[in-house]
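Visitor: sequence first, predicted model second:
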There are 2 protein chains.
Amino acid sequence: MSVDGPPAKVTIKDVAARAGVSKGAVSLAFNNRPGLADATRDRIFAAARELGWAPNLAARSLSSSRVDAVGLAICRPARLLGLEPWFMEFISGIESVLAEQSCSLLLRLVRDLDEEVALQERWWKSKQVAGSILVDFRTDDPRVAAVGALGMPAVAVGHPSLTGGLPSLWTDDATAVTEAVRYLAALGHRRIAHVGGTAELGHSAIRNAAFEAAVRELGLAAGPQPSTGFSGEDGARATRALLASAERPTAILYDNDIMAVAGLSVAAEMGLSVPADLSLLAWDDSQLCRLTHPTLSAMSHDVHGFGAEVARALFTVLATGTAESRPVPTPALTPRGSTGPP
Amino acid sequence: MSVDGPPAKVTIKDVAARAGVSKGAVSLAFNNRPGLADATRDRIFAAARELGWAPNLAARSLSSSRVDAVGLAICRPARLLGLEPWFMEFISGIESVLAEQSCSLLLRLVRDLDEEVALQERWWKSKQVAGSILVDFRTDDPRVAAVGALGMPAVAVGHPSLTGGLPSLWTDDATAVTEAVRYLAALGHRRIAHVGGTAELGHSAIRNAAFEAAVRELGLAAGPQPSTGFSGEDGARATRALLASAERPTAILYDNDIMAVAGLSVAAEMGLSVPADLSLLAWDDSQLCRLTHPTLSAMSHDVHGFGAEVARALFTVLATGTAESRPVPTPALTPRGSTGPP
DNA sequence: GGCCCTCACTCAACCGGTTAAGCACCACGT
DNA sequence: ACGTGGTGCTTAACCGGTTGAGTGAGGGCC
């Protein structure tokens, strides 16, 4: 196809030779450092362009000990990941910030936390990443101690009660849950249930506790809170159990949108009309919530923006050694067609 | 918190000193190369473990000019990505193979193909990746020429008619579409429509052509094939248009599952019962198809396995310079509750 | 005992950049 | 005329591994 041979590997030396300067000068030019005449700078760039040269990043990070990648390990069953619009949106938010700094994202799916701890350790010790973003905190999460011991820059996505002293960003789940329960109560619901996620996940525990507190505060019946695995099938099973019980709830709050969609279909299958017989409220508003019939009311937040904030926080940590922990805007209730008076 | 100071950076020299050998010996040990007594090997590993050493990958790839990462750039509107279970499943399949070789995945979301071409060029020239996985081929895709000119190892996901001479893996969309149309026709449908994806995408064009051919072959009315952007809203809009037309179709084939879900809800909104009044058939069977009511019949395939195959193919290219192009198993029709006689 | 081999390991150059130190040159002030 | 300061560039050491050539000890064989 192409007439020229294998593209000869061109190094900084070739560029220097062609521009008639030393390696050092080329390095100065490509790192926008002062100490070069504009004319020389231009000549160097021209030479580099003509030769199609780009600095070897391994060599650069070896000598300057700066790294141009950050890590993100996700620990969820692969089967579920595809279905969690949340992660892709989150990643795209991270990317939008990383790209500006021409920094790469190292993504890895791990089976369990031990594997993640080992991975973070390898990443850090082998200087593959400058720092990491940690998500899905458990109570007593081993990663807190691990990255602490390593002295590894990291930003945690989760409530400070879960993330130890790590710089953290979190959504105020408790407030949002309370708001959701109050909204449903205001509509007249007295029996409200909550379909939560995996119990080990820290934010699930927080939401469960907030739900219980809100229900008690409003003097409602303490509704059941089945714990599930976040999958649609889990949501369907939990919904069937709730609707088959003697004290059938008139409203259900789901911990993600997939489960809410499943709940909607279970309601249809059982001949219940939504929202007349049953109100459904989803978490993690994605486009999916607008595609069902009726559309799903949801607690929506800007996941893309959240990812971007997290990435920015990580850069702050890399630059200054630490970053302020703070909540991101609380998910806002977006009423649609799936909620109404009982 | 911790009493010890900043973790001193430990290098191969420290390990060598502690094990009482030279740097070279440590290198041999850590690359499982012959020429070391077992006792020495053990001593070296022990020393490394005690010091918590892991080889600096930048240094390693600099001197050995081997790279431990592969690239994947995805070019879709961020808004859509979250909703495409396909990608996360695909990525998890890739990961499952990469992890075995302790190879990392460099993921990047790009806005357009020009940006991707530039990115691949940077990745390759700066030796950040050993090779790349290319997806979402357009007709006359500029990436074919670009990676060709760079001499960059790559595996393409797409039909050979789209991917030039690149080693490719693809799903046989044409056969699957034909099978889907024949199935609907066998149920008695005479007016079948197809809601396709973005027209520029190569596999959309292939599916469109196959659909038209299948319809003609069966002597059916040439149904309309609206082109959309793959999003649920696009699917809803297209479905509304189809159902409002004079010659309303009795069956619709969708190019992904999100659009089919949207179609289902449009049917409900228009008072049509599925499958009595209208049959719906989805592509890209994800768990979502089993969560709706009625459940969605779909063309299902093993996306995770596909990702794994692609990663394996890339390793073959890296090892041998090329790999055999071949189709992966054709998506199989999985009838569920959304299809039936008209 | 001398010769040759193999085994186990060391040595030093090298990968392709970065960077601190050094140097030549010129302008300027006195 | 001479120091002084700044600009613009070069030089060489260095980052932390890998690798091929080199070395010395020990064993087998005649």
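Guide: Noted; the coordinates are in hand.
Visitor: now for the lengthiest helix in chain A, which elements pack on it?
Guide: The longest helix of chain A (DSSP state H) is helix A:303-320. Packing contacts for helix A:303-320, counted by 3 or more CB pairs under 8 Å, 6 or more residues apart in numbering or on different chains; DSSP states H and E, involve helix A:85-100, strand A:131-134, strand A:154-157, strand A:168-171, strand A:326-328. Glycine gets a C-beta too; all of them are placed from N, C-alpha and C.
Visitor: what's the most buried one of the ones you listed?
Guide: Among those, the stretch with the highest mean neighbour count (mean count of other CB atoms under 10 Å in any protein chain shown) is strand A:154-157, at a mean of 26.
Visitor: pLDDT value on the residue nearest the centre of chain A, please?
Guide: Nearest residue to the geometric centre of chain A (CA atoms, centre = their mean): A:F90, 4.2 Å. With respect to pLDDT, A:F90 scores 93.
Visitor: for it, give me its contacts.
Guide: A:V135, A:V303, A:H304, A:F306, A:G307, A:V310 (CB atoms under 8 Å, 6 or more residues apart in numbering or on different chains).
Visitor: by neighbours, which of these wins?
Guide: Among the contacts of A:F90, A:G307 has the most neighbours (other CB atoms under 10 Å in any protein chain shown), with 28 neighbours.
Visitor: for the stretch 51-200 of chain A, give me the ranges with low pLDDT.
Guide: Per-residue confidence for the stretch 51-200 of chain A (pLDDT under 70) gives these ranges: A:78-83.
Visitor: kindly report the residues of it close to DNA strand C.
Guide: Residues of the stretch 51-200 of chain A that fall close to DNA strand C, judged by CB under 7 Å from any atom of the strand: A:W53, A:P55, A:N56, A:A59, A:R60, A:L62, A:S63, A:S64.
Visitor: ChimeraX command for the buried members of these?
Guide: Here is the ChimeraX command that picks out the buried ones among those, judged by 16 or more other CB atoms under 10 Å in any protein chain shown:
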select /A:53,55,56,59,60,62
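Visitor: of the residues of the stretch 51-200 of chain A next to DNA strand C, which belong to helices?
Guide: A:A59, A:R60, A:L62, A:S63, A:S64.
Visitor: for the stretch 151-300 of chain A, just list every one of the strands.
Guide: For the stretch 151-300 of chain A, the strands defined by DSSP state E, counting those that start in this stretch cover A:154-157, A:168-171, A:192-195, A:251-254, A:279-283, A:297-300.
Visitor: export the ones you listed as a markdown table, with columns for distance to DNA strand D.
Guide: Formatted as a markdown table, the strands of the stretch 151-300 of chain A follow (distance: least, CB to the nearest atom of the strand, whole Å):
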| stretch | distance to DNA strand D |
| --- | --- |
| strand A:154-157 | 21 |
| strand A:168-171 | 30 |
| strand A:192-195 | 49 |
| strand A:251-254 | 49 |
| strand A:279-283 | 45 |
| strand A:297-300 | 47 |
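Visitor: how about the ones you listed in TSV, adding distance to B:A209?
Guide: Output for the strands of the stretch 151-300 of chain A, formatted as TSV (distance: least, CB to CB, whole Å):
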stretch	distance to B:A209
strand A:154-157	45
strand A:168-171	46
strand A:192-195	44
strand A:251-254	41
strand A:279-283	39
strand A:297-300	39
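Visitor: can you pull the pLDDT of A:A298?
Guide: On pLDDT, A:A298 comes in at 96.
Visitor: could you give the number of residues near the residue lying closest to it once chain neighbours are set aside?
Guide: Nearest non-adjacent residue to A:A298, counting by CB to CB, 6 or more residues apart in numbering or on different chains: A:D285, 3.7 Å away. A total of 25 residues lie near A:D285 under the criterion other CB under 10 Å.
Visitor: and A:D285, how far from DNA strand D?
Guide: Using CB to the nearest atom of the strand, to the nearest Å, we find A:D285 at a distance of 47 Å from DNA strand D.
Visitor: then A:H189?
Guide: Counting by CB to the nearest atom of the strand - A:H189 and DNA strand D are separated by 61 Å.
Visitor: ok, the residue nearest to A:S61 when sequence neighbours are not counted - how many residues close by?
Guide: Excluding its sequence neighbours, the residue lying closest to A:S61 (CB to CB, 6+ apart) is B:A58, at 4.4 Å. B:A58 has 23 neighbouring residues, counting by other CB under 10 Å.
Visitor: so who does B:A58 touch?
Guide: Counted by CB under 8 Å, 6+ apart, B:A58 has contacts A:L57, A:A58, A:A59, A:S61, A:L62, A:V67, A:K127.
Visitor: wait, isn't the fourth one in contact with A:A69?
Guide: No - when contacts are counted by CB atoms under 8 Å, A:S61 is not listed as touching A:A69 (9.1 Å).
Visitor: what touches both of these two?
Guide: Residues touching both A:S61 and A:A69 by CB under 8 Å, 6+ apart: none at all.
Visitor: okay, domains of chain A per the record?
Guide: Using automatic domain parsing, the domain parsing of chain A gives A:12-55, A:69-171+A:303-328, A:173-301.
Visitor: now those in CSV, with distance to B:M299?
Guide: Listed next are the domains of chain A as CSV, based on distance: least, CB to CB, whole Å:
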stretch, distance to B:M299
domain A:12-55, 42
domain A:69-171+A:303-328, 16
domain A:173-301, 19
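Visitor: and those: which comes nearest B:P335?
Guide: domain A:173-301 (17.7 Å; CB to CB).
Visitor: from one end of that closest one to the other, what's the distance?
Guide: End-to-end distance of domain A:173-301 (CA to CA, to the nearest Å): 11 Å.
Visitor: what does stretch A:325-332 give?
Guide: For stretch A:325-332, the first and last residues are 21 Å from each other (CA to CA).
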